[in-house]
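# The amino acid sequence is not available; the structure is as follows:
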């Protein structure tokens with residue numbers, strides 16, 4: 001549980017330090033592959049690719065709460081807007097358990113690989129969500 005809290009703190013600090021724009025870790029190289037964390041209402045650049053991901057909102061939250069036995073794991077669904085440096089813009093909806101989990105855009109494959117916090121049975125403030133995307137070359 002402590003590692004989960006530390007992860008949330010680190011993700012929140014990383015999102016805040018970027019001001020919602022630019023790479024998630026300005027001190028690291030700018031590859032077009034890896035992981036990108038984006039908080040609700042934030043826009044983050046994907047390295048030096050010219051692509052940005054804006055995490056607009058969680059549109060579905062049916063994931064099984066922690067410490068509960070469920071018949072199905074449930075699904076988290078997020079709405080995002082992708083933009084490229086060439087002016088292309090595309091809205092998308094990605095899922096944690098259902099398809100589509102990923103989308104091809106501007107030569108990249110963008111896959112929703114995580115959504116935090118995980119439900120506990122208590123209401124989640126929509127502003128607390130952080131989506132984690134895995135970026136691969138298309």
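Received it, and whenever you're ready, just let me know what you need. Because the structure is a prediction, the values reported are computed rather than measured.
# just the helices in the protein please.
With DSSP state H as the criterion, the chain has helices at 2-17.
# which residues of it score low on pLDDT?
For the chain, the stretches with pLDDT under 70 are 1-32.
# how far away is the nearest residue to residue 115 once chain neighbours are set aside from residue 85?
Closest residue to residue 115 apart from its sequence neighbours, by C-beta to C-beta, 6 or more residues apart in numbering: residue 76 at 4.2 Å. The C-beta positions use only the backbone N, C-alpha and C, and glycine is treated the same way. Counting by C-beta to C-beta, to the nearest Å, the separation of residue 76 from residue 85 is 29 Å.
# same thing with residue 35?
21 Å.
# Please tell me I have it right and the residue nearest to residue 115 contacts residue 61.
Yes - in this structure, residue 76 is within contact of residue 61 by C-beta atoms under 8 Å, at 5.7 Å.
# Please identify which of the two sits among more neighbours.
A direct count of neighbours by other C-beta atoms under 10 Å for residue 76 and residue 61 places residue 76 higher, at 24 against 18.
# which residues touch that one?
Shown in contact with residue 76 (C-beta atoms under 8 Å, 6 or more residues apart in numbering): 58, 60, 61, 62, 63, 95, 96, 97, 115.
# Could you find the closest non-adjacent residue to the second one?
Counting by C-beta to C-beta, 6+ apart, residue 60 lies nearest to residue 77, which is 3.7 Å off, once chain neighbours are set aside.
# Tell me the bridge partners for that neighbour.
Residues in a beta bridge with residue 77, per DSSP bridges, are residue 60, residue 95.
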